[in-house]
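*Asks:* Could you work out the structure for the sequence below:
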Amino acid sequence: MLKLVEALKEMPRLYPQVRLTEWQVMPEHFHFIVFVVSPLPKPLGALIRGFKAGAAKRWKAIAGTGECPAWADGFQDTILFREGQLRAEINYLHDNPRRLAEKRANPELFRRVAAVSLPLDGGRLIGRFEAMNRGFRLVAMRNMGFAPIQKPTGRLFDVCAQGRLLLLAPAAWPYSTQEKDMNRFDATALNRICQWFAGEDAVEINYHGMTPSNIDRLAEEAVLAKTP
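*Replies:* As a prediction, the model looks like this:
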């Protein structure tokens, strides 16, 4: 771990245009926060590649072999746009070890299911949602799908660790790194799906002139994934 941090600290020495603040070493990934304080002579990705190469060189020197754990391609970065976002990122970074411990202690609570099939009857789900998922107290609908490896963040993580969360996403909407650009038809589909889940307890929604058949069709198109 110390060698990994040493490689990271080489970055501002080689490129005084950046400044490091926080970092967190995890078993299979690494978080750090870097500020670009002046224009860089090359893209940020080149700095990340240099860091990876430096860390690999130090690993080989310690292990005494040409083999070392492989870095994943690319990197995931977050640009700060609003006040308070930096503090939230720092808190997320520091809380990473606790979340990993929670996930390893309760793996069954973080199980990802590729697809959940439910019968449709005239655009309405047969049966109550609670009958299929007894014990869950919070259901959240996502509009951006799920990554192959993913866990809830923020407050949703803690609720999931307590066994009280079920995250869902329309099967026909592919995963994206950013939230889906929503339009009226997407919002209508999500609202209708939530009404199906709630059953008789669903609140009434004014869809402003859309016919019930069109509303149900939009929802069905969102949940019924097309097979090749």
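*Asks:* Could you chop this protein up by domain?
*Replies:* The chain breaks down into these domains under automatic domain parsing: 2-92, 106-223.
*Asks:* Helices of the chain, residue ranges please.
*Replies:* Here the chain has its helices, by DSSP state H, at 2-14, 44-63, 85-105, 129-132, 155-161, 184-198, 212-223.
*Asks:* Nearest to residue 26, out of those helices?
*Replies:* Residue 26 lies closest, by CB to CB, to one member of the helices of the chain: helix 85-105, at 5.9 Å. C-beta coordinates here come from the backbone N, C-alpha and C atoms, glycine included.
*Asks:* For the closest one, give me every contacting residue.
*Replies:* Helix 85-105 is contacted by residues 21-24, 26-27, 31, 33, 78, 80, 110, 151, 153, 157, 161 when judged by CB atoms under 8 Å, 6 or more residues apart in numbering.
*Asks:* Just the C-alphas of that helix, formatted as PDB.
*Replies:* Taking Å, rounded to 0.1, in the frame of the first residue of the first chain, the C-alpha atoms of helix 85-105 are listed here in PDB:
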ATOM      1  CA  GLN A  85     -20.000  18.100  -3.600                       C
ATOM      2  CA  LEU A  86     -16.300  17.900  -2.500                       C
ATOM      3  CA  ARG A  87     -17.300  17.200   1.100                       C
ATOM      4  CA  ALA A  88     -19.700  14.500  -0.100                       C
ATOM      5  CA  GLU A  89     -16.900  12.900  -2.200                       C
ATOM      6  CA  ILE A  90     -14.500  13.000   0.700                       C
ATOM      7  CA  ASN A  91     -17.000  11.400   3.000                       C
ATOM      8  CA  TYR A  92     -17.700   8.700   0.400                       C
ATOM      9  CA  LEU A  93     -14.000   8.000   0.100                       C
ATOM     10  CA  HIS A  94     -13.500   7.700   3.900                       C
ATOM     11  CA  ASP A  95     -16.600   5.500   4.200                       C
ATOM     12  CA  ASN A  96     -15.500   3.000   1.600                       C
ATOM     13  CA  PRO A  97     -13.900   0.500   4.000                       C
ATOM     14  CA  ARG A  98     -17.000   0.300   6.100                       C
ATOM     15  CA  ARG A  99     -19.200  -0.300   3.100                       C
ATOM     16  CA  LEU A 100     -17.000  -3.000   1.900                       C
ATOM     17  CA  ALA A 101     -17.100  -4.700   5.300                       C
ATOM     18  CA  GLU A 102     -20.900  -4.400   5.300                       C
ATOM     19  CA  LYS A 103     -21.100  -6.000   1.800                       C
ATOM     20  CA  ARG A 104     -18.800  -8.900   2.700                       C
ATOM     21  CA  ALA A 105     -20.700  -9.500   6.000                       C
END
